[in-house]
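Q: Just need the structure, nothing else, for what follows:
(chains A and B)
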Amino acid sequence: MSAPACSRCSTQLAFAVWIAALLFGSARIASAQMPRLPEFGGRTVSLGQPKRWHWQAGLGAGPSFEGPGTVTMVRAVGGVYHAPLNPIIGLVELGIEAYAGARGGKADAGVRALVQVPYASAGIGADYNLERGRLDMFVTSHTPVRRGGVLTRGSLLRFDWYPLRSHSFTVGVSVPLGDRLAGRNRPIRDYVVVSGDLRSPAPHRAIDPAIAAAFDSLRVSAEWIRRVVVPFLDQDGRNANVAMARTARYVSELQAHLAVRSVDQEVRAFHGHMEQLFALASGNPSAGRELGRGAREILLDEILLPYNRMLGRKKRKDTLQSFSVAARGRFGGWVAASGQVPSDRAGHVMFAFQQLTEILEAVRRRAAKEWDDPRLVWLPLQYALLPEDYDEQAELDVLLERATKVDFTDHNRVSYVANLHFHWELLKMIRETRAYHVLWIHDFPATTSVGGLDWASFLQVVDGYLKTLADRVEAYDSTGTLPSFFIFLDQHYYEQRKSRVLMGVLEDPLRASAALSLGGAPDAERLARALERLRTAVSNSRRLQAEAREYGDEWLRNRVKVHINITNRPDATFWGGGLVSSVFGYPDDMMRDHRKIAFRDVSEDDPFGGTAILTGMGVGQQYLGPGWDDRSLIVVGPALVELKRAAHDLLISQGLNETEIPPPFRAPTTAARFVAQADAARSGGRAMALVNGTGYLPKPLNVAKALLYSLMPPGSVIKVPDSLWNSSFFAGLLVGACLRGSQVMIIAPALDNAPSNGFPQMVRAHELLTRLLLVRRELGPAIATAGGDLRTGLYALPIDRHGFADRAARWARQIDSTPFLRTFLPFAPALVPLVAAAGDTAPTSDKPADRAAVVGLRPKLHQKVQFMATRESWRAISSSAEWPSFMAAYLRYREASYVPELESDKATEFADSLVQIAERLLARIRSEPRAASFAMVGSQNQDYRGMFMDGEIDVLLTGPESLVPMLDIVFMIGTVTWIDDQAALDRLLPPVGEFMRRIGRVAKDGV
Amino acid sequence: MVGVLAIAASPASAQIGEIQTGGIGSYSTGEPFGAGAGLVWGVAAGRIAYIGVRWTYFAGTTNLRGPASSPSEVTTRSHQVALDLGVQIPVGMLEVVPGMSVGFVRFAQRVRAPAPGGGSTVSSEHETEFLAAPGVAVVVPAGPMAFIPELRYSLAGSPSSLPWRVPHGGLLVSLRLVITFEVGRIRQ
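A: As a prediction, the model looks like this:
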């Protein structure tokens, strides 16, 4: 064959390989019909575990400048790649490639080895050309151009440059092979379109100059409402001093304004102006109030709530224009139908309403500029609500539902559990599973920090999953049912903590080896016994064997396993924030699933048949014991249906399609039954599960927090401890709450007590707390005049050398010596003897189980529990006669759940008694509508990462269940160090240098 | 490709802290350099990383070369276009910026040589060479302006096609005088 002919052949071959690769890379499960259920021969689809090696094929072409003339190179490339470090971090990836094609008129082939930095979308390698027998260097770079892939899902535009071959280069496309999730496991859009394509009508014109002029005072008032509801405290500057001086100037402006007009007066003045203007516009002084009422309702529905619902999300076409047009249409219709405005004045009234919408747009624009980030724009609901519109539990509940589009459900039974209680409950829950169980967690480590086998995870594998599977298989011949187990685990910690070791066993227990790469011989023997028992049970089950004979061995292995779903895998095709995709952008790989949930048997058919644990912890021994201060909720009731939906949405977002969704997470078919059963159930708590999707998905949890912080009525108490208190936005809202008369307590960990104490997190916390001290100093009088208070505390607990007794003694001591605590907690002085006694006699004090003390661990604050109550609620709670028994039960519970060696049954018993006492405590305030209280428990930190990037879940509770977290926070309040001056702050949370401060600010979205 | 993609993009996206724009005066003892002046523009992203461009024209020097009996008058000048990269490290009220300039130097040489029959002939040559200049600068803020003295060592390629060989590297002392504009974050 001649050379040109050979070249043509190789070119054709290259194209054939490329087309095949494209087709293969984009292959999907072609099933269009709903698959069979597993019990009837169907297979449960799962994401599985990521491959250690991945394959790619590509085709490229470009000029070769070597030799006397320029010729064209065409190359088909295939390669295999491996990340020796955690692939999520994207630091290094090794690859081997082979290529074939044509160069000019000659066949061309070669092999390559390369090292890539996935985060930089670039690499360098050695290219050995077989035809020329020569080794050369090459540089490679790739970009997906658009999210999801340049041509097909997962495909990349690739550029290879040969600097030593006269700068020859090729440009082409590469596609992943055998990875059906590539290009599919993130949303294609990394933004939400704010203003759609609604037609803009002709604007209404001011016919009466008096009306136009009258809007000036409304405009000014609107701006002040924005500044006092969400004050901006995150000013930057050339250095920390300049930045702080700017904050001080901003605060002094607030101070000057508040000296003239309080927040309440400002809001009422705004609405007064609005009504006067409508009266003027309609020519009817008595119509102003009614027109104002209608306008407020429509502004709330059509502009404020829809826009605020996007809090924390990237925005495109960020204007209120289409919302305003919709609001104007609705208002115009309402005015016409109401008959309150003569037809010759309708234009004036519409002009007034249009001006109102333009004022809101101006507020939005200023907020976006001030916060330097449209994701942080919150339009105060005070533009549409008067204080009396949100001072009752029912009113706040409805507003929360309207803002988040998530419904409260009643009759939820909630238990609040501390620390290692989660470990016991998870084990119990796995064993009690009837139909299905989901463990949705960010950490399930196989290895400890010192390289040993994590005994807590191992115990869940052996005594939880494998034992339960064996029990159920042994009973299968008589029951005919086998539960399905699912684990959703984010890939970051999966890699970091070598979870593959344990997940491999759970994913294929019928064939997995008991020889683990971690742990000793006793562990291997224990695992071997558990696996053997399961396999024996499978082979002894006549029913299972009969079904396997018909459905096949693959079906059997799919039926008897834990369905492992490793989520948020690295994907080179998803970038955001850049010029074009990966060019100066950042990858979605940075965004993690931070949700920590376990639930079983949740269904719409039987909303009380399931249980869930929502926690801040992972599985693993590091989370057990007093060194990790965390909390979980055990929930039974209809609020859990939201979790099932969230699991469905997670799998869809990760690349499965509807037909692949496992049966437990498919859409319900019996909504009517759900309602009927819920109504018939026992009394219990009102709860709402709020789920922030990972990455660019909706973030209703942000909305709920912002709404509560900005609307809790004057006199409320708001207590917000958190391990990562970095969000200036949430802090601004809470300062706004203080200015309206709320008593706010913000608690962050000291450096030595922070579970995540990298310098970027700590410098941001220090900067924020410094500004809160400034606010307290400068705005203290204005806050006090409104009836509020702002306190910042640092969780700076020493090592508990005598177990829980140390904490109790500390509480008693601090309550005794801190005047403001005795005022704020009027019931506390009477409890001091009781708690002090626990400090003297706690049974754990002599036990060797005080591991934290033994290894010198300070307690780490990790709990993300918040409590809010109106003045009426807090007064009634404070004056309850139940406090001694409440505190006594709490102390017993904390002692029982303090160290792993204690018994779980006792802890459960004490937790139940706490809820019973809380119910008695609440009984006396049920009849008071203004006695509202909320508790939030979940995974979201008070930081921007939790707002913008990570998947999060919180449960929002009202009713008696909200009081148990309250008691826990009351106890914490008595143990933290309250900060009144900069020196105390600097001692416990030392400031860092200016360079680190700048890095902290640049990285603020991700820390 | 990256350049094309960057130019084609509509939303600029970066963590921007400060824009610096102004002039630069430089001096180097090398024959093609001498005193120079030019323009600078840059962005201090997050006030951590400086990325900028500079253009500097050097007046160069004129020397007599060749045999003493019939010397040639050789004028060598240059101008530089470079991308500046640096890390801004705050030290008290100042910022120390270790960094590197990468770009090119265009050397130009004009030779006036005595003509064999009397008079003189004039010829010109130029050559462009790669430039890398590591160095350190100190930012001295002064209100809305900043003085930025800097010291760099110029490592340029040798302009071998010029009629007369000239030194092509060496120490370069500069002073930038820039106006600073604070800018907000664009990345979202």
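Q: Go ahead and confirm residue A:1004 touches residue A:944.
A: Yes: if you go by Cβ atoms under 8 Å, residue A:1004 and residue A:944 touch, sitting 5.7 Å apart. Any C-beta I mention is one placed from the backbone N, CA and C, and that applies to glycine too.
Q: anything in contact with each of the two?
A: Shared contacts of residue A:1004 and residue A:944 (Cβ atoms under 8 Å, 6 or more residues apart in numbering or on different chains): residue A:726.
Q: Show me which residues of the stretch 251-400 of chain A sit near chain B.
A: For the stretch 251-400 of chain A, the contact set with chain B under Cβ under 8 Å from any Cβ of the partner chain comprises A:314, A:315, A:369, A:372, A:373, A:374, A:375.
Q: And those, which is closest to chain B?
A: Of all those, chain B sits closest to residue A:372, with 4.3 Å by Cβ to the nearest Cβ.
Q: So for the closest one, what's the nearest residue that isn't a sequence neighbour?
A: The shortest distance from residue A:372 to any non-neighbouring residue, by Cβ to Cβ, 6 or more residues apart in numbering or on different chains, is to residue B:184 (4.3 Å).
Q: Specify the local secondary structure of that neighbour.
A: coil (DSSP: H, G, I helix; E, B strand; the rest coil).
Q: pLDDT wise, what is it at?
A: Reading off the confidence values, residue B:184 has pLDDT 73.
Q: So it is in contact with residue A:369, correct?
A: Yes: with contact defined as Cβ under 8 Å, residue B:184 counts as touching residue A:369 (7.3 Å).
Q: Can you give me the neighbour number for residue A:86?
A: Other residues near residue A:86 come to 16 when the count uses other Cβ atoms under 10 Å in any protein chain shown.
Q: ok, now which ones touch the residue nearest to it when sequence neighbours are not counted?
A: Distances taken as Cβ to Cβ, 6+ apart place residue A:495 nearest to residue A:86, at 4.2 Å, with adjacent residues excluded. Neighbouring residues of residue A:495 by Cβ under 8 Å, 6+ apart: A:86, A:87, A:88.
Q: so residue B:132 makes contact with residue B:105?
A: No: proximity of residue B:132 to residue B:105 does not meet the contact threshold set by Cβ under 8 Å, at 10.3 Å.
Q: So between these two, which is more surrounded?
A: residue B:105 (25 against 16).
Q: per-residue confidence at that one?
A: Note on residue B:105: pLDDT of 95.
Q: next structured bit after the lowest-mean-pLDDT helix or strand in chain B?
A: Ranked by mean pLDDT, DSSP states H and E, the weakest helix or strand in chain B is helix B:2-8, scoring a mean of 37. Once the chain leaves helix B:2-8, the next helix or strand it forms, by DSSP states H and E, is strand B:18-28.
Q: then the following helix or strand past that next one to CSV, C-alphas only?
A: Sequence-wise, the next helix or strand downstream of strand B:18-28 (DSSP H and E) is strand B:34-45. The C-alpha atoms that make up strand B:34-45 are tabulated as CSV, following Å, rounded to 0.1, in the frame of the first residue of the first chain:
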residue,chain,number,x,y,z
GLY,B,34,20.2,53.7,29.9
ALA,B,35,17.3,55.9,31.0
GLY,B,36,13.8,54.7,30.1
ALA,B,37,10.2,55.6,30.6
GLY,B,38,6.9,54.0,29.9
LEU,B,39,3.5,52.9,31.1
VAL,B,40,2.2,50.3,33.4
TRP,B,41,-1.2,48.8,34.1
GLY,B,42,-2.1,46.0,36.4
VAL,B,43,-4.5,44.4,38.7
ALA,B,44,-3.7,43.4,42.3
ALA,B,45,-6.2,40.5,42.5
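Q: Number of residues surrounding residue A:927?
A: 7.
Q: Checking it next. Helix, strand or coil?
A: Of the three states, residue A:927 takes coil under three-state DSSP.
Q: which stretches of chain B have low pLDDT?
A: B:1-16, B:185-188 (pLDDT under 70).
Q: which residue ranges form the strands in it?
A: Ranges of strands within chain B are B:18-28, B:34-45, B:49-65, B:72-87, B:89-91, B:94-114, B:120-142, B:145-156, B:169-182, based on DSSP state E.
Q: Out of the contacts of residue A:495, flag the one nearest to chain B.
A: Among the contacts of residue A:495, and counting by Cβ to the nearest Cβ, the member closest to chain B is residue A:88, at 21.0 Å.
Q: Pull the contacting residues for residue 160.
A: This is for chain A. Taking Cβ under 8 Å, 6+ apart, we find residue A:160 in contact with A:60, A:62, A:138, A:139, A:140, A:169, A:170, A:172.
Q: Switch to chain B, please.
A: By Cβ under 8 Å, 6+ apart, the neighbours of residue B:160 are residue B:127.
Q: so the residue in the stretch 151-300 of chain A that chain B sits nearest to, which of the three states?
A: Proximity of the stretch 151-300 of chain A to chain B (Cβ to the nearest Cβ) peaks at residue A:159, 4.9 Å away. Here residue A:159 is strand, with the state taken from three-state DSSP.
Q: Give the residue farthest from the middle of chain B.
A: residue B:117 (41.3 Å; Cα atoms, centre = their mean).
Q: Please point out which parts of stretch B:103-113 sit buried.
A: B:103, B:105, B:106, B:107, B:108, B:109, B:110, B:111, B:112, B:113 (16 or more other Cβ atoms under 10 Å in any protein chain shown).
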